[in-house]
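**Student:** Quick one: sequence and predicted model below, then my questions.
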Amino acid sequence: MISAAVFDATSAKGVVTNTYGFYSLTIPKGKVQLSYSYVGYNSKKINFTLAKDTVINVKLTENTNLQEVTVIGGARREFGVQGSQMSAIEVPIAQIKTVPMLFGETDVLKVLQLLPGVQGGTEGSAGFYVRGGGPDENLFLLDGIPVYNVNHAGGFFSVFNADAIKNVTLYKGGFPARFGGRLSSVLDITMNDGNNKKITGNVAIGLISSKFNVEGPLLSEKTTFNISARRTYYDILTQPLLAWYQKEIMGDEGKLKAGYYFYDLNAKISHKFSDRDRLFLSFYMGDDVIYSNVRMNRSREDDYTNENRLKMDWKWGNMITALRWNHIINNKLFMNATAAFTQYRFYVGMGTESNKYYKQDLESTTELNLGYNSGIVDYTGKVDFDYSPNPAHDIKFGTSYNYHTFRPGVIAFQLDASRNDTVTKTDTTFGDKPIYAHEMTLYVEDNWNIGNILKANIGLHASAFQVQDKFYYSVQPRVNARLLLSKDLSLKTGYAYMSQYIHLLSNSDISMPTDLWVPVTKHIVPMNSHQVSLGMFYNLKNLFDLSVEGYYKSMNNLLEYKEGASFFGSSTGWEEKVCMGRGWAYGVEFLLQKTIGNTTGWIAYTWAKAERKFDRPGETLNFGKTFHAKYDRRHDISIVASHKFNSKIDVAATWVFSTGNCGTLSTQNYLGIIHNISNFYDFSSLPYIEQRNNFRMPNYHRMDLGVNFHKQHKYGIGTWNISVYNAYNQQNPFFVYVDDVAKKLMQVTIFPIMPSVSYSFKF
């Protein structure tokens, strides 16, 4: 159990368990009154006389009589009023599953978008922008291993299957020293270990996907497993439409096969060798797949027949494998050693085949194939230690090594042609060469109780990155401090310096697989940021938690495509297509949440500003002037509420409002001269853009509703979920464009009111 509370009433000292359930509490000899507690479980008390070092392993039983409560934040002692950590929040999976979503598909990232300081990209997407940072400035950890591509379907769904997840913690600032490598946030996700008592599971069928989860003991209680899988069936649902198109439009001369789907597979096995040693093996694999195959046969009156085929295969995804060994070195020192393999892969292939027949004899054939490969491969080794010398200190330290292989892009061209006895073959490969890099980190942090009033988390994170005979290094101090004004009120402050050695090249508002992950090079230096924050935290009678935080973040060496440059079009290296600049973001975040009772939820408000400036010689954007970041939004409001009427019915509702997204539009046109490939000069109307991101879309607002109907069966609980996305059918803009005929802006809306239904069975 992560963050279970252990408290001694005699000495008034306590601790919480770490990610693997380990704890160490040092108290004086004598009578001890230990209390173990965890939300949703029966508390357990143990009284005895302490005379020597004692090992106590406790099993808590689930409290089925206690009505479910939802804890949005403050579940850990390191968070909330008492803890030193700020700008962090823990979201329980039970709450994530109740929030109504697009197509009824539960999504971790979309729920996190409802928290202050977190913004989504375009409507319906799982985009993730934290405190003015870009999408590449977020560190996504799955069981401690980075995930590079976290999006399915162009960003409309994330790769994180809620059924496979045990715990979700988001850090927006004040980063502990154990985290590094990104500027804006850390999303720490832990997968389920598996039930060691009995086989349990869940099966769900929805409008666009189906999924299942099974967990339990494997042979004995010492070995457990958890496996989850999810697959969409867009490809199956669109078959009737494709069949109609083939029959009515293409006729007997054509055949069409096409589709799109994505899948996720999560698996985890754990084995307990002894009270001191445990082994964990976790695995994730997921892909998006788009395919099409069009074949046309056309007969001519001169006995010739032309057969043409066009095919496309587009595939991208992740594979992650991690092996972890937990070892209790002594009663105060815990070790976790990890070896991991990570792969992000992207491939797009297009091909044509043309065959010409005279009567039944093949006269000529031509086959052309074009493929593009890109990706990242990581080999990681790391070791982390938890040291608890006494209740006043909780020390963490460790080190890691990562060997990166970046493949920014390789294009393969293949041509096979034959006519009668003449055969022509061409096989060419070109593009950017692979880049190999070594990344090392070292950290230490101490969560230190300095008396009853002051508590601080002080740490240091050191990192180094070697690439192309260039050696970069960074020493990053981290500080969080809490001043306890009363048992229910505290002030906190934090500072974090962060460095980032990889970049995501993107020129789209939607997360696309064509976005390229690239490392720093001898020409492209690391990004870095400084963030300071100050906040007040208040707890009202253990019913409501209130927090108000302000922050300021400066960022340097940010990367953007040059004007007109993109992923496609040129064979030159990506380094020549980008420029570097700086940015800053600041804002205020408000969160009021209720975590206990039949009615739970939160109200979140964010006022924020994010700006950029690219004015270095030869690397200017927007003529070197300051401009709004494309994810700059001034106001964000989220209201989330859920209510449990009884064991059979519960409801949930969400309402969001935000200032419109930024965009770039031309304010007027002018007559320009274009030199074309035929050496002629043409006059053409060209757009004049006065400033980057000079247009803001209309304000956005939406309400989602959901209701669950539960029924107890002999072998489990069946649940019908009915949800409505955009319940009052607000026509929010997905994008706008200029209608040259009407001479006005036109808005495109793609998500009107959208009801959905799903059924799940938990056994």
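**Tutor:** Structure received.
**Student:** quick one: the helices in the stretch 201-350 of the chain?
**Tutor:** Assigned by DSSP state H, counting those that start in this stretch, the helices in the stretch 201-350 of the chain fall at 234-237, 239-245.
**Student:** next one: the chain
**Tutor:** Remark: helices assigned in the chain by DSSP state H are 93-98, 108-112, 234-237, 239-245.
**Student:** Would you mark the buried spots in the first one?
**Tutor:** Applying a neighbour-count criterion of 16 or more other Cβ atoms under 10 Å, the buried positions in helix 93-98 are 93, 95-98. Every residue, glycine included, has its C-beta placed from N, CA and C.
**Student:** Kindly reformat those residues as CSV containing pLDDT and distance to G83.
**Tutor:** Below are the buried residues of helix 93-98 laid out as CSV (pLDDT from 0 to 100; distance: Cβ to Cβ, whole Å):
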residue, pLDDT, distance to G83
I93, 78, 21
Q95, 74, 20
I96, 79, 22
K97, 80, 26
T98, 79, 26
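**Student:** which one of those is nearest G409?
**Tutor:** Of all the buried residues of helix 93-98, I96 has the smallest distance to G409: 35.8 Å, by Cβ to Cβ.
**Student:** pretty sure that closest one is touching D163, no?
**Tutor:** No: I96 lies out of contact with D163 (Cβ atoms under 8 Å); the separation is 10.6 Å.
**Student:** show me what contacts T366?
**Tutor:** Listed by Cβ atoms under 8 Å, 6 or more residues apart in numbering, the contact partners of T366 are 352-354, 415-418.
**Student:** Dig out what it forms beta bridges with.
**Tutor:** S354, A417 (DSSP bridges).
**Student:** Could you list the domains of this structure?
**Tutor:** Structurally, the chain divides into domains by automatic domain parsing as follows: 1-66, 88-239+248-359+370-661+697-762.
**Student:** Give me the mean pLDDT for the first one.
**Tutor:** Which is domain 1-66. The pLDDT scores in domain 1-66 average 78.
**Student:** what about that domain, distance to the chain center?
**Tutor:** With Cα atoms, centre = their mean, to the nearest Å as the basis, domain 1-66 stands 34 Å off its chain's centre.
**Student:** same question, stretch 147-164
**Tutor:** 7 Å.
**Student:** Let's see the distance spanning it from one end to the other.
**Tutor:** 15 Å (Cα to Cα, to the nearest Å).
**Student:** shouldn't D378 be in contact with P146?
**Tutor:** Yes: D378 is within contact range of P146, at 7.4 Å (criterion: Cβ under 8 Å).
**Student:** Common neighbours of these two, please.
**Tutor:** By Cβ under 8 Å, 6+ apart, D378 and P146 have these common neighbours: T342.
**Student:** quick one: low-confidence ranges for the stretch 151-300 of the chain?
**Tutor:** Filtered on pLDDT under 70, the stretch 151-300 of the chain yields the residue ranges 154-155, 299-300.
**Student:** where exactly do the strands run in it?
**Tutor:** For the stretch 151-300 of the chain, the strands defined by DSSP state E, counting those that start in this stretch occupy 151-152, 157-158, 165-171, 185-191, 200-205, 209-218, 220-232, 254-272, 277-299.
**Student:** Nearest to K577, out of those strands?
**Tutor:** strand 151-152 (22.6 Å).
**Student:** burial measure for V444, as a count.
**Tutor:** 18 (other Cβ atoms under 10 Å).
**Student:** Mind listing the residues bridging to the closest residue to it other than its chain neighbours?
**Tutor:** Distances taken as Cβ to Cβ, 6 or more residues apart in numbering place F397 nearest to V444, at 4.1 Å, with adjacent residues excluded. Counting by DSSP bridges, F397 is bridged to F385, V444.
**Student:** I'd assumed E445 was in contact with F397.
**Tutor:** Yes: counting by Cβ under 8 Å, E445 is a contact partner of F397 at 7.3 Å.
**Student:** G716 - nearest residue in space that isn't next to it in sequence?
**Tutor:** Of all residues not flanking G716 in the chain, F763 sits nearest, at 3.5 Å (Cβ to Cβ, 6+ apart).
**Student:** Now do the one you found, the pLDDT please.
**Tutor:** Looking at F763, the pLDDT reads 89.
**Student:** Burial check on it, number of neighbours?
**Tutor:** Neighbour count of F763, defined by other Cβ under 10 Å: 14.
**Student:** residues in contact with the closest residue to F280 other than its chain neighbours?
**Tutor:** Spatial nearest neighbour of F280, chain neighbours left out: R324 (4.3 Å); criterion: Cβ to Cβ, 6+ apart. Neighbouring residues of R324 by Cβ under 8 Å, 6+ apart: 143-144, 279-282, 336-338.
**Student:** Repeat the analysis, applying 10 Å as the threshold.
**Tutor:** By Cβ atoms under 10 Å, 6 or more residues apart in numbering, the residues touching R324 are 19-20, 143-145, 270, 278-282, 336-340, 382, 384.
**Student:** got it, and I56?
**Tutor:** Contact partners of I56, counting by Cβ under 10 Å, 6+ apart, are 6, 23, 25, 32, 34, 36, 46, 48.
**Student:** just A229 next, same as before
**Tutor:** So A229 contacts 161, 163-164, 210-214, 263-267, 285-286 (Cβ under 10 Å, 6+ apart).
**Student:** Identify, from those, the entry nearest to L362.
**Tutor:** Nearest member of the contacts of A229 to L362, counting by Cβ to Cβ, is Y263, at 39.2 Å.
**Student:** burial measure for the nearest residue to that closest one once chain neighbours are set aside, as a count.
**Tutor:** Leaving aside its sequence neighbours, Y263 sits nearest to R231 (Cβ to Cβ, 6+ apart; 4.3 Å). R231 has 16 neighbours, counted by other Cβ under 10 Å.
**Student:** got a list of what R231 touches?
**Tutor:** Neighbour list for R231: 208-212, 261-265 [criterion: Cβ under 10 Å, 6+ apart].
**Student:** Columns distance to G451 and neighbour count on top of those residues, output as TSV?
**Tutor:** TSV is the format used below for the contacts of R231 (distance: Cβ to Cβ, whole Å; neighbours: other Cβ atoms under 10 Å):
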residue	distance to G451	neighbour count
I208	55	18
S209	53	23
S210	55	16
K211	50	24
F212	51	17
Y261	58	20
F262	53	21
Y263	53	18
D264	48	25
L265	50	17
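**Student:** what's the closest of these to L109?
**Tutor:** Nearest to L109 among the contacts of R231, with distances taken as Cβ to Cβ, is D264, at 13.6 Å.
**Student:** In contact with the closest one, which residues?
**Tutor:** Applying Cβ under 10 Å, 6+ apart to D264 gives the contacts 152, 157-161, 163-164, 209, 211, 228-232, 284-287, 317-318.
**Student:** can you do 7 Å?
**Tutor:** 159, 161, 229-230, 286 (Cβ atoms under 7 Å, 6 or more residues apart in numbering).
**Student:** So F397 and E445 - more neighbours on which side?
**Tutor:** The neighbour count for F397 versus E445, taken as other Cβ under 10 Å, is higher for E445 (22 against 18).
**Student:** Nearest spatial neighbour of that one, chain-adjacent residues omitted?
**Tutor:** G459 (3.0 Å).
**Student:** tally of neighbours for that neighbour?
**Tutor:** There are 24 residues near G459, going by other Cβ under 10 Å.
**Student:** who touches stretch 96-103?
**Tutor:** Looking at stretch 96-103 with Cβ under 7 Å, 6+ apart, the contacting residues turn out to be 106-108, 110-111, 124, 162, 206-208, 640, 642, 652, 654, 704-706, 723, 725, 754, 756.
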